[in-house]
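[1] A predicted structure for the sequence below; I have some questions about it.
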Amino acid sequence: MGADDPLPRRPREDALVLRGATRLMRIFPGIDAATQLRLRKRKRAIEREVLGKDSHTTIQCCAPRTTLNVHAYGLGDVMMARQMAAAFGAYLREYGDPEAGIVSLSAGGFMPLSDIEAGETTVFWWYSFGPMDDTPERFLDDVLESCADVEFDLLLCGSERIQEEARQAGYDTLYFPIGVYGYEPLGVERSGMGYAGSKNHKNDEKVAMLMGPYADREDFEWVDHFTTIDELNLWYNTRLVTFGLTKEGQRRWGVVNSRVFESLASGTPLIIPEHPTIDDVLGFEYPYQVSNAEETADFVDEILSDPDGTLETFRTYTERVREDHGYVRRLQTLFDAIA
């Protein structure tokens, strides 16, 4: 699937079938590894039968002596995979072929793919807990270590806490936060507010704290249908204020999600709930964090009353994020590690 191909849409009943299959693997966490494996294979069979081969998306990036296969599941993870695929071309132009052989990278918070060919370097990028966000401490045992049909050569870790957990479990690890590629300021006129992302799995209190007073405004837009980098980057560039949410498990475990990197790389003002590690991950102090609705209102008023000054402030954030957290740099880190 190419970087700009539309994602397949899945009907609601298909999602319910998959949810049931996933629940099978969660309600009996103490069962033996062989049974876990059979359940996982059954889930894969259901996915392929109900959704077809593209329920998991694989994007293949090729050079003469390197093939990078990025496996992802779900809109957010696939959007990140597309950014990495686009960055692969830029990496080749800047650094040449890393001669890394075949690298299979599974990303996200769902079960890794098992159809790995012999001779591949297998990598799992752990930055999410998928449906186990309420119990992130179980993810390593219930998802990765029970996946007996895949042996990982390297775990890419989306936060320092994730890396520590993986190290203690005996994995070879690499600190590898989420990054960004293809998002940039476009110089178009900005107005209004918005939120980009799924409406599922959101904390109602935090939604109210951030967007409660603004969601009914005519100039507020909640979007979850964009499937290409260019579409989402353009949408960000039309907004003067955006809001961001992080799943609680990710927040507690120090993961800064893709929305932060995409918004800032596009030069778009972003207001988020307080995050314990965002300053450390970004490498600079990010002040637009709130702990209550009053603080949200203060920041919104500040941005709307001085849009030019706010956008000038965000240009600095844009430069830092694009320079320090681009996927070209992330790929350089990955290929250096597996060389």
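    Now that the structure is in, tell me what you want to look at.

[2] dihedrals phi and psi, Ser159?
    Note on Ser159: its backbone torsions stand at phi -160, psi 170 [degrees, to the nearest 10].

[3] mind starting the numbering at 38 from now?
    Happy to do that; since the first residue is 38 now, the last one works out to Ser196.

[4] enumerate every residue touching it.
    Tyr164, Pro214, Trp290, Gly291, Val292, Val293, Thr314, Val318 (C-beta atoms under 8 Å, 6 or more residues apart in numbering). Heads up, the C-betas are built off the backbone N, CA and C, glycines and all.

[5] pull up the gap between it and Phe321, please.
    Ser196 sits 17 Å away from Phe321, going by C-beta to C-beta, to the nearest Å.

[6] before we move on, back to that, buried among the contacts of Ser196? Make that a ChimeraX selection.
    A single ChimeraX command suffices to select whichever of the contacts of Ser196 are buried according to 16 or more other C-beta atoms under 10 Å:
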select :164,214,290,291,292,293,314,318
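
[7] narrow the contacts of Ser196 to those in helices?
    Mapping these onto helices (DSSP state H) picks out Val318.

[8] redo the contacts of Ser196 as a markdown table? Include pLDDT and distance to Leu271.
    Shown next, in a markdown table, are those (pLDDT from 0 to 100; distance: C-beta to C-beta, whole Å):
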| residue | pLDDT | distance to Leu271 |
| --- | --- | --- |
| Tyr164 | 95 | 25 |
| Pro214 | 98 | 25 |
| Trp290 | 97 | 32 |
| Gly291 | 97 | 31 |
| Val292 | 97 | 26 |
| Val293 | 98 | 23 |
| Thr314 | 97 | 30 |
| Val318 | 98 | 26 |
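
[9] pick the one among the contacts of Ser196 closest to Gly304.
    Ranked by distance to Gly304 (C-beta to C-beta), the contacts of Ser196 are led by Val293 at 17.8 Å.

[10] what separation do you get for the closest one and His312?
    Counting by C-beta to C-beta, the gap between Val293 and His312 amounts to 7 Å.

[11] let me know the pLDDT of the residue sitting furthest away from the middle of the chain.
    The outermost residue of the chain relative to its centre, with distances by C-alpha atoms, centre = their mean, is Ser342 at 32.2 Å. Per-residue pLDDT puts Ser342 at 97.
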